[in-house]
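Asker: quick one: sequence and predicted model below, then my questions.
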Amino acid sequence: MESKDESGNAAKLLAVVLQIPKGSVGTYGQIAKLAGLSRNARQVGTVLNRLPEDSDVPWHRVVNAQGKISDRGDGVFAGLQRQMLESEGIEFDDDSKLNLSVHQWRECD
DNA sequence: ACTCTGACGGAAT
DNA sequence: GATTCCGCCAGAG
């Protein structure tokens, strides 16, 4: 069985993001891996980019492997995400980076 | 069907 | 730590 997951990959990615607890963040690679798309971190960004505002997905809790917020081209976007994460208790560096060693989400938490 | 780009990651140099 | 190259795949034209 294992389902075919034809194009359900996006749904799986979103499902993983929804599992991220408040005050924690996940990396694209980590989410992709948990979703079964270990080498497909790119699609994570692609999916979140096309994510509608109607979604209940905390996309703001998703950052890249560097613990940094990805610029989509809109500098405002990154700044907004930073504030949202700070609002959840996450601290940033002067480079808009956060300490993954402390804030990265873990299933065993 | 083809090409190009893209919220990325990781290993190699 | 920075740069380079590769992999992997989904949208859009």
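Answerer: Nice, thanks for sending it over. Numbers count the residues shown, from 1 in each chain, chains lettered A, B, ... in the order given.
Asker: for the rest of this, base every contact and every neighbour count on C-alpha atoms.
Answerer: Will do.
Asker: which residue is nearest the middle of chain A?
Answerer: Nearest to the geometric centre of chain A sits residue A:62, at 1.9 Å (Cα atoms, centre = their mean).
Asker: I'd say that one and residue A:24 touch.
Answerer: No. With contacts defined as Cα atoms under 8 Å, residue A:62 does not count as touching residue A:24, sitting 9.2 Å away.
Asker: tell me what whichever helix in chain A runs longest is packed against?
Answerer: Ranked by residue count, the top helix of chain A under DSSP state H comes out as helix A:75-87. The criterion is 3 or more Cα pairs under 8 Å, 6 or more residues apart in numbering; DSSP states H and E, and there are no helices or strands that helix A:75-87 contacts.
Asker: mean confidence for the first helix or strand past it going along the chain?
Answerer: Where DSSP states H and E defines the elements, the next helix or strand beyond helix A:75-87 is helix A:100-103. The average pLDDT within helix A:100-103 is 93.
Asker: residues in contact with the helix or strand of chain A with the lowest mean pLDDT: which ones?
Answerer: Lowest by mean pLDDT, DSSP states H and E among the helices and strands of chain A is helix A:75-87, with a mean of 88. Residues from elsewhere that reach helix A:75-87 (Cα atoms under 8 Å, 6 or more residues apart in numbering): A:23, A:60, A:61, A:69, A:70, A:71, A:72, A:91, A:92, A:96.
Asker: okay, and the fifth one sits in which element?
Answerer: So that's residue A:70. Going by DSSP H and E, residue A:70 is not part of any helix or strand.
Asker: returning to what we had before: what comes up buried for the least confident helix or strand of chain A?
Answerer: Buried residues in helix A:75-87, counted by 16 or more other Cα atoms under 10 Å: A:78, A:81, A:82, A:85.
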